[in-house]
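1. Structure here, sequence nowhere to be found:
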């Protein structure tokens, strides 16, 4: 996956900023993962698919992309004095077959929602792979990610009393998890 990210055409496009390069690289990565899943499925009796969330940090910007119902949170401590997370930013959007925007997109492409499932089969409305369903209706089930950007300069590193030990307390962090986690926990 890292090689695909590094080989994204976005890195060679002139005159675009790093945020756009990151966005294009993550879109490229999801496209390549989808192609790989679908290629493996050709000629098989059944195909499989997956949901996913990917993040990249570069030059003070964090970029998170997700497909399906894997989600992520950016957690920001307010200061060194605070020992808890003071701000949480949802960095992803669940792609579910019950979401009105996703229903419209699928139906407009010629697909159907049956029993709150895309094509009567899938609960997520965007996936990587699932070739059998994608062949039913071009554009109904897609792998285009939702992408969120956030500027996040490198925080100062907190030094313990021992200068050889660098503690990265009070640093922002990202939580990425699949639907199994988010079905139980709330952001």
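-> Yep, it's here. Note that the coordinates shown come from a computational prediction; the quantities given were computed from them, not determined experimentally.
2. Show me which positions of the longest helix seen in the chain end up buried.
-> Longest helix of the chain, by residue count under DSSP state H: helix 18-41. Buried residues in helix 18-41, counted by 16 or more other CB atoms under 10 Å: 19, 21-34, 37-38, 41. Using the backbone N, CA and C atoms, a C-beta is placed for each residue, glycine as well.
3. same question, stretch 3-10
-> 4-5, 8, 10.
4. distance of residue 36 from residue 131?
-> 11 Å (CB to CB, to the nearest Å).
5. repeat for residue 139
-> Applying CB to CB to residue 139 and residue 131 gives a distance of 14 Å.
6. Which of these two has more residues huddled nearby?
-> residue 131 (20 against 13; other CB atoms under 10 Å).
7. I figured the more buried one hits residue 46, correct?
-> No. Contact criterion CB atoms under 8 Å: residue 131 and residue 46 do not qualify, at 9.5 Å.
8. which ones are touching residue 128?
-> Applying CB atoms under 8 Å, 6 or more residues apart in numbering, we find residue 128 in contact with 30, 33-34, 37, 49-52, 67-68, 143.
9. Point me to the helix or strand that includes the most centrally placed residue in the chain.
-> By CA atoms, centre = their mean, the chain has its centre lying nearest to residue 66, at 2.0 Å. In this structure, residue 66 sits in strand 61-67 according to DSSP states H and E.
10. which neighbours does that strand have in its sheet, and in what orientation?
-> strand 52-58 (antiparallel), strand 146-151 (antiparallel) (DSSP bridges).
11. Do a quick rundown of the helices in this structure.
-> 2-6, 18-41, 100-108, 131-136, 179-184.
12. what's the third one in contact with?
-> The contact list for helix 100-108, computed with CB under 8 Å, 6+ apart, reads 95-97, 112-113, 118, 125-126, 137, 140-141.
13. switch the cut-off to 7 Å
-> 95-96, 113, 118, 125, 140 (CB atoms under 7 Å, 6 or more residues apart in numbering).
14. same deal with the last one?
-> Contacts made with helix 179-184 from outside it, assessed by CB under 7 Å, 6+ apart, are listed as 51, 69-71.
15. what about 6 Å?
-> 69, 71 (CB atoms under 6 Å, 6 or more residues apart in numbering).
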